[in-house]
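Trainee: take this sequence and fold it.
(one chain, ligands or ions: 1)
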Amino acid sequence: MPNWTQPGLVDVPTITDELGSLGVVEGSAPFPFPIERVYFIHSVAPGAVRGSHAHKALRQLIVAVSGSFTVTLDDGRETSAWPLDTPTVGLVVPPGYWRTLSEFTPGASALVFASARYDPADYIRDYEEFVAWARHG
Ligand code: T46
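Mentor: Residues are numbered from 1 along each chain as shown. Okay, here's the model as predicted:
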């Protein structure tokens, strides 16, 4: 289980029966922050790379609800790649990570649970600015 200051995978509580599976995300499970916003990414253009920015404060959980894609996270020093291919597991993305989403398979969808409402001021969209921010705050 990640400590929510580092990226990591968490299980999404899932109820499976003969009719199929149902994943549940509630206020305190599987992550310890109130969900202020949910958005989803779908119909991704072939070869598209999404993201390419960091957040100063936003915490997120990203779930591949269909298909697969890879989230690459960069804290300004190290990069890690997180392939997501199941709705039963979510990726914790703490603040302070430059992220890209790539390698979407056709029909793939990302469901994102976020700790705050949309705020353009929380974004860092310039990589050099991000590295300076990550090193010096
Ligand atoms: C992230 C990755 C995983 C809104 O109006 N409200 C919203 O809540 C969001 C998320 C976006 N927008 C607008 C802003 C842009 O005009 O939707 C447009 C596309 O957003 P963006 O280019 O930021 O999309 P992605 O896929 O590059 O990034 C998004 C999130 O913005 C970001 O927080 O971590 O998904």
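
Trainee: ok, which stretches of this protein are strands?
Mentor: Assigned by DSSP state E, the strands in the chain fall at 8-11, 14-17, 20-23, 37-41, 50-55, 60-66, 69-74, 79-84, 89-93, 98-102, 109-114, 123-124.

Trainee: let me have those strands in a markdown table, adding mean pLDDT, distance to residue 132 and mean neighbour count as columns.
Mentor: The way it works is simple: take the backbone N, C-alpha and C, and place the C-beta from them, glycine included. Shown next, in a markdown table, are those (pLDDT from 0 to 100; distance: least, Cβ to Cβ, whole Å; neighbours: other Cβ atoms under 10 Å):
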| stretch | mean pLDDT | distance to residue 132 | mean neighbour count |
| --- | --- | --- | --- |
| strand 8-11 | 93 | 26 | 14 |
| strand 14-17 | 98 | 41 | 10 |
| strand 20-23 | 98 | 38 | 12 |
| strand 37-41 | 97 | 28 | 13 |
| strand 50-55 | 98 | 12 | 19 |
| strand 60-66 | 97 | 23 | 21 |
| strand 69-74 | 98 | 14 | 20 |
| strand 79-84 | 98 | 17 | 15 |
| strand 89-93 | 95 | 21 | 22 |
| strand 98-102 | 98 | 12 | 19 |
| strand 109-114 | 97 | 25 | 19 |
| strand 123-124 | 98 | 9 | 16 |
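
Trainee: show me what from this structure comes close to the ligand.
Mentor: With the criterion set to Cβ under 6 Å from any ligand atom, the chain comes near the ligand through 37, 39, 41, 50, 51, 60, 99, 101, 112, 118.

Trainee: and of these, the nearest to residue 130?
Mentor: Residue 130 lies nearest to residue 99 out of the residues of the chain next to the ligand, by Cβ to Cβ, at 10.5 Å.

Trainee: leaving out the residues flanking it, which one is nearest to the closest one?
Mentor: residue 51 (4.5 Å; Cβ to Cβ, 6 or more residues apart in numbering).

Trainee: right, and the one you found touches residue 104 too?
Mentor: No - under the criterion of Cβ atoms under 8 Å, residue 51 is not in contact with residue 104, lying 11.6 Å apart.

Trainee: and the gap between residue 60 and residue 26?
Mentor: Distance, residue 60 to residue 26, by Cβ to Cβ, to the nearest Å: 16 Å.
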